[in-house]
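1. A structural model of the following input is requested.
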Amino acid sequence: MFKVYALYSPNHDKIYVGYSSNLQARMRSHNELGKKGWTIKYRPWEIVFTESFATKAEAMKRERELKSAKGREYVWKQVALKYDLS
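-> Model (predicted):
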């Protein structure tokens, strides 16, 4: 099982989209363990939403969709709903 996820950094007003077969471990990497990469600059991250897929290929396809302009628009709408940002 693979999860596609969207994260939000309230402190920096940034979003991040990714996928993982172990979301709990991946979140620890984003928020605590990671020593390099884009996400360490904008900690802490909170999960906005997740979607489950049976295969890695399906998860990668959905991740690409969410990283497109329309996909990011969708993610920002989810952030606005969750954090009541009108």
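2. show the residue spans covered by the strands in this protein.
-> Here the chain has its strands, by DSSP state E, at 2-9, 14-20, 46-53.
3. list the buried residues in stretch 35-47.
-> Within stretch 35-47, the residues scored as buried using 16 or more other Cβ atoms under 10 Å are Thr39, Tyr42, Trp45. Where you see a C-beta, it was placed from the backbone N, CA and C, and this is true even at glycine.
4. quick one: which of those residues is nearest Met1?
-> Nearest to Met1 out of these is Trp45 (Cβ to Cβ; 21.1 Å).
5. I'd assumed Met27 was in contact with the closest one.
-> Yes. Between Trp45 and Met27 there is a contact at 7.2 Å, judged by Cβ atoms under 8 Å.
6. so who does the residue lying closest to Trp38 once chain neighbours are set aside touch?
-> Distances taken as Cβ to Cβ, 6 or more residues apart in numbering place Tyr16 nearest to Trp38, at 7.5 Å, with adjacent residues excluded. Tyr16 makes contacts with Ala6, Leu7, Tyr8, Ser9, His30, Trp38, Thr39, Tyr42, Trp45, as judged by Cβ atoms under 8 Å, 6 or more residues apart in numbering.
7. pretty sure the third one sits against Trp45.
-> Yes. Taking Cβ under 8 Å as the definition, Tyr8 is a contact partner of Trp45 at 7.0 Å.
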